[in-house]
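In: sharing a model that was predicted from the sequence below.
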Amino acid sequence: MPKIEVNRDARSLELLQRAAQQNPRNPETWFHLANALAVGGQHAKAIAAYERALELAPSHPDLLVNLAITFGQAGEPGKAEACYRKILQRQPGHIGALGNLAHFFFMREEFAAALESYDRLLAAMPHAGAEVWNNRGNCQQRLGDRTGAEDSFRHALALQPESAEINANLGFLLYDSRRYEPAGVFFRKAHALDPKRALVAAQSLDVDLQFADWQDFERKRDEILGVVDRLEDEPRQSVPPYLLLAICDDPALQLAAAKRWAWPQRKSGSALEGLRERARNGRLRLGFVSSAFHEHPVPRLLVELLERLDRDLFEVRAYALGRNESDALRARVERAASLTEFGHLQTSAMAERIRTDRVDVLFDLTGHTGQARPDLFAWRAAPVQVNYLGYAGTLGAGYYDFVITDPFTTPPDARGDFAERVCHVGECYLPSDTRRSAGERRARADYGLPDAAFVFMSQAAAYKLQPALFDVWMRLLRSLPDAVLWLRPLDAIAERNLRAEADRRGVDPGRLAFAPSEPVERYLARYPLADLYLDTHPFGSHTTVNDALWMGLPVVTIAGRSMASRTSASQISAVPLPELLAASADEYEAIALTLAREREKLRALSARLRGGVRASALFDMERYTRAFEAAVERMWNEA
């Protein structure tokens, strides 16, 4: 693409200035002088020199291109765009103007406008290089056209197969589409081409975990943790914070990763000047932003809270990122809140819509998980912005004012692990849906489970299963010949890998059972068929632990150091069943083994749970809602 170039024959800026004085009617002299000034960062003087050249050679396209570039560098995007469009009015197929206009929009994250310009550029220059196709794919991906983005990335890769960036981009696209197996191929290629890119190495490990592929896991994990520990000395490195929740229990490392990942603070012309006054009717406007307002763990926890919020105190709005499916849970959310579906709007447009709605307190229910949009919060769409429910850790950014947690999950000495101010809600910060219903209870035989077996259950995703904890599970099975481990439905490769890992640990692979995919009512009904739920560590199984407790199934967990490793323990503490809380893997194993061997003790504990769970603090949603409302008032007043 055309860029400003300095005339290499001119020996110095002084000579060019002298030449312009001696021959002020020569546009070429002014052009070279302007280029030199622009390269030197003297944008105002460069713009004046370009404009003088244009007076002598009106509408010259090369002059206008370089003037546009300089306007962009000087922070005058409107004038830059006007220059490009002036060229294209006269020469619609001008390669330099099209290419630079496309890049101009791309860098401003105006992806729809950028894509239109890239398409026009490709029509004028069908044999454009890999960079054009790669940027076009990025635009399509951000606009939700994954099929088009994949085609563009593959075209770019055909032109430049040894590009680490393009291989990585295609890997990220496939990963976001949950096509983990092909994504892993491109991550491994990108990592081989550029081993120093920690982000690619981290995503490659994440793909391994999706398949329970633990080959060389400890070395890969330790390398990534080492990078995070040195992030301050590695200016271009980053690691997805969400991966850190699964592979370590060190809040300091999680904070470091989140800070580096956080979106830059935006300086917007419509930035809010202080806090708005409360609405005239005395109600605060609450906005909840999520990538999922359909059947998904986060809205399953949240929906009853939305239904119960006092409408005399609050107006409730929900904002869906991307496209959400229509299902029963979505219908409940729509009845409880005014729902806006953003689709793939530009960030500034989303922020402006929230401001137009005059939202006072905005909750991020997605955090650093899939389809996250921290850029929206970086625009300061609302006066008070809160990290809540979707991400069990700090988001590491100053534009989140508070994080909602509880005294057990985040005790006072852990406040320093958060970039946000800590706001406690209730005995456990997780809300619950006490209006959920389970289907008709079925028999163990319907799932291929032996009637006489002791059934350990875990419904965690594959990436939460770590080798060290799996060692504990396999020791339990070796100690209990009649026991089986019942897991959630997993990818066929993950199931095969876990059976192989069991075999390597001296356990018959047939003692691992995998439940089928079922509607949520049937899924809930299967919990009572198990005897004991085994939580994961360091990333606990938060929503599935909530489901297990609601259905009366005892849960053993480890209360670690991080928010992700203490949330399950907070739920169990709020039931309360403190005898199920372990402080270490050894204690976790001992508790599980004792309960499996002393069945009367387990039956008594299960009866206690079933008899009191629905009246416990964990599932008292009236009490939780009032505590949440009080917390919102505190955050508003403190802000």
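Out: Cool, the structure landed. Numbering: from 1, shown residues only.

In: list the contacts for residue 417?
Out: With contact taken as CB atoms under 8 Å, 6 or more residues apart in numbering, residue 417 is in contact with 251-252, 254-255, 394, 410, 562-563. Yep, even glycine has a C-beta here, placed from its N, CA and C like the rest.

In: can I get the residues you listed in a markdown table including pLDDT?
Out: Below are the contacts of residue 417 laid out as a markdown table (pLDDT from 0 to 100):
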| residue | pLDDT |
| --- | --- |
| 251 | 98 |
| 252 | 97 |
| 254 | 98 |
| 255 | 97 |
| 394 | 98 |
| 410 | 98 |
| 562 | 98 |
| 563 | 98 |
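
In: check the residues you listed and tell me the two furthest apart.
Out: The distance between the two most remote of the contacts of residue 417 (CB to CB) is 14.3 Å, for 252 and 410.

In: neighbour count for those two, which is higher?
Out: A side-by-side neighbour count of residue 252 and residue 410, using other CB atoms under 10 Å, places residue 410 first with 25 against 14.

In: element containing that one, please.
Out: Assigned by DSSP states H and E, residue 410 falls within no helix or strand.

In: quick check: closest non-adjacent residue to it.
Out: On the basis of CB to CB, 6 or more residues apart in numbering, the spatially nearest residue to residue 410 that is not a chain neighbour turns out to be residue 422, at 5.7 Å.

In: how much space between that neighbour and residue 535?
Out: For residue 422, the distance to residue 535 equals 24 Å [CB to CB, to the nearest Å].

In: could you check which of these two is surrounded by more residues?
Out: Of the pair residue 422 and residue 535, residue 535 is the one with more neighbours under other CB under 10 Å, namely 28 against 20.

In: partner residues bridging the closest residue to the more buried one other than its chain neighbours?
Out: Spatial nearest neighbour of residue 535, excluding adjacent residues (CB to CB, 6+ apart): residue 557 at 3.7 Å. With beta bridges defined as DSSP bridges, residue 557 has these partners: residue 581.

In: report the contact partners of residue 557.
Out: Neighbouring residues of residue 557 by CB under 8 Å, 6+ apart: 535, 537, 540, 545, 568-569, 572, 580-582, 588.

In: could you list the domains of the protein?
Out: According to the domain assignment given by automatic domain parsing, the chain is divided into the following structural domains: 1-128, 284-424, 444-616.

In: now render those domains as TSV, adding distance to residue 182.
Out: Rendered in TSV, the data for the domains of the chain read as follows (distance: least, CB to CB, whole Å):
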stretch	distance to residue 182
domain 1-128	24
domain 284-424	17
domain 444-616	12
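
In: and residue 239, which of the ones you listed is closest to it?
Out: Each of the domains of the chain has some distance to residue 239 by CB to CB; the shortest is domain 284-424, at 10.8 Å.

In: and the closest one, end to end?
Out: The straight-line separation of the ends of domain 284-424 (CA to CA, to the nearest Å) is 19 Å.

In: so how far is that domain off the chain centroid?
Out: Relative to its parent chain, domain 284-424 has a centroid offset of 13 Å by CA atoms, centre = their mean, to the nearest Å.

In: make 31 the first number, not 1, from now on.
Out: Fine by me, first position is 31 from now on; the one you just mentioned is domain 314-454.

In: so which residues of the chain form strands?
Out: 314-320, 344-351, 368-373, 391-394, 414-417, 432-435, 451-454, 484-487, 513-517, 542-544, 562-564, 585-588, 611-612 (DSSP state E).

In: now do the second one: everything it contacts.
Out: The one in question is strand 344-351. Outside of strand 344-351, the residues within contact range by CB under 8 Å, 6+ apart are 309, 313-323, 336, 339, 363, 366-372, 380, 383-384, 387, 389, 396, 401, 403, 659, 662.

In: and the one helix or strand in the chain whose mean pLDDT sits lowest, C-alpha only, in CSV?
Out: Within the chain, confidence by mean pLDDT, DSSP states H and E is lowest for helix 43-52 among all helices and strands, at a mean of 71. Included here for helix 43-52 are C-alpha records, laid out as CSV according to Å, rounded to 0.1, in the frame of the first residue of the first chain:
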residue,chain,number,x,y,z
LEU,A,43,15.3,18.6,5.6
GLU,A,44,17.1,22.0,5.5
LEU,A,45,17.9,21.5,1.8
LEU,A,46,14.3,20.7,1.0
GLN,A,47,13.1,23.8,2.9
ARG,A,48,15.6,26.0,1.1
ALA,A,49,14.5,24.5,-2.3
ALA,A,50,10.9,25.3,-1.5
GLN,A,51,11.8,28.9,-0.7
GLN,A,52,13.8,29.2,-3.9
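
In: mind listing what the closest residue to residue 185 other than its chain neighbours touches?
Out: Distances taken as CB to CB, 6+ apart place residue 163 nearest to residue 185, at 4.6 Å, with adjacent residues excluded. Under the criterion of CB under 8 Å, 6+ apart, the contact partners of residue 163 comprise 182-183, 185-186, 189.

In: now do residue 127
Out: Going by CB under 8 Å, 6+ apart, residue 127 touches 91, 94-95, 98, 114, 117-118, 121.

In: weed out the non-buried ones from those residues.
Out: For the contacts of residue 127, a neighbour count by 16 or more other CB atoms under 10 Å gives the buried set as 91, 94-95, 98, 114, 117-118.
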